[in-house]
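Enquirer: would you be able to build a 3D model of this:
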Amino acid sequence: MVARRQDARFNEEKSLWRDGFSRVAGVDEVGRGCLAGPVFAAAVILDSNAMWAGLRDSKLLSLKARERLYAEIVGSSDWSVSEVSPAQIDHLNIHKASLLAMRQALMGLSPPPEFALVDGFSIPDLPFPQRAIVGGDRKCASIAAASIVAKVTRDRLMVKLHESDSRYGFDRHKGYATSAHLEAMEMFGYSELHRRSFRPRRLFDNKTRHKDPRLLALGETGR
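Expert: Alright, predicted model coming up:
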């Protein structure tokens with residue numbers, strides 16, 4: 001029997017509300033593992049009186065469910081989104097870029113949160129307290145909501161970017177390393193949307209490097 005996926009809970013938020021923190025924000029990023037496109041983060045302060053059906057990590061939701069929950073979240077919550085470009089990712093590295101995106105999303109809330117619940121890692125230099133929760137997008141309602149807002153926002157951007165450059169199929173894979181994406185990169189090389197510091201082994205084995213000088217030259221610019 002397949003276990004039923006549980007909705008994310010408000011346990012963390014309720015504990016903080018009891019301690020006097022009224023504005024508790026969840027924050028999460030999306031796009032960390034992509035080969036192309038920005039990394040996005042969202043910060044969300046959910047209405048403590050709202051009832052949320054099916055609120056889960058965005059990766060566990062169907063497209064229809066994500067879109068429904070996105071509309072409900074942005075229509076009834078305080079929220080903010082932030083993105084860090086491929087060039088910034090290459091300059092900073094993806095871990096620092098993800099932390100930067102999450103920090104910017106939190107600082108974009110007005111008024112600012114009193115406490116942040118963060119998926120995975122602590123964020124440097126926040127002017128308010130925080131709690132890092134490993135697997136928070138599956139456990140914590142506010143972080144799950146942030147994951148939905150971030151993913152829907154990023155997915156919509158990647159579909160729009162596909163309209164400008166349809167060679168890579170960004171509307172289908174959203175920049176992740178699918179076989180179709182890798183095949184397109186073998187054919188066309190890197191675009192301006194690709195992260196030069198991300199070098200899949202398939203593209204940079206000896207055979208491919210000698211076969212396609214575009215990939216060799218672009219790959220050598222990465223860190």
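Enquirer: buried residues, stretch 186-198. List them.
Expert: Glu186, Gly189, Tyr190, Ser191, Leu193, His194, Arg195, Arg196, Ser197, Phe198 (16 or more other C-beta atoms under 10 Å). Bear in mind the C-beta positions are built from the backbone N, C-alpha and C, glycine included.
Enquirer: stretch 152-160 now?
Expert: Counting neighbours by 16+ other C-beta under 10 Å, the buried set in stretch 152-160 is Val152, Thr153, Arg154, Asp155, Leu157, Met158.
Enquirer: ok, stretch 14-22 next?
Expert: For stretch 14-22, by 16+ other C-beta under 10 Å, it's Leu16, Phe21.
Enquirer: gap between the two ends of it?
Expert: Taking C-alpha to C-alpha, to the nearest Å, stretch 14-22 runs 10 Å from one end to the other.
Enquirer: also stretch 81-91?
Expert: End-to-end distance of stretch 81-91: 21 Å, with C-alpha to C-alpha as the criterion.
Enquirer: need the mean per-residue confidence for it.
Expert: Averaged over stretch 81-91, pLDDT sits at 97.
Enquirer: gap between that stretch and the chain center?
Expert: Stretch 81-91 sits 11 Å away from the centroid of its parent chain (C-alpha atoms, centre = their mean, to the nearest Å).
Enquirer: identify the residues contacting that stretch?
Expert: 36-43, 92, 97-98, 100-102, 104-105, 108, 149-150, 153-154, 157, 192-197, 222-223 (C-beta atoms under 8 Å, 6 or more residues apart in numbering).
Enquirer: now those residues: which count as buried?
Expert: 36-43, 92, 97-98, 100-102, 104-105, 108, 149-150, 153-154, 157, 193-197.
Enquirer: in strands only, show me the contacts of stretch 81-91.
Expert: Val39, Phe40, Ala41, Ala42, Ala43 (DSSP state E).
Enquirer: show me the shaky parts of the protein.
Expert: Applying pLDDT under 70 to the chain flags residues 1-5, 201-223.
Enquirer: output the contacting helices and strands for the longest helix belonging to it.
Expert: When the chain is scanned for its longest helix (criterion: DSSP state H), the result is helix 141-164. Using 3 or more C-beta pairs under 8 Å, 6 or more residues apart in numbering; DSSP states H and E, the elements in contact with helix 141-164 are helix 11-18, strand 24-30, strand 39-45, helix 63-76, strand 78-84, strand 115-119, helix 136-139, helix 170-173.
Enquirer: list just the nearest of the ones in strands among the contacts of stretch 81-91 to Gly175.
Expert: Using C-beta to C-beta, Val39 is the member of the ones in strands among the contacts of stretch 81-91 that sits closest to Gly175, with 9.9 Å.
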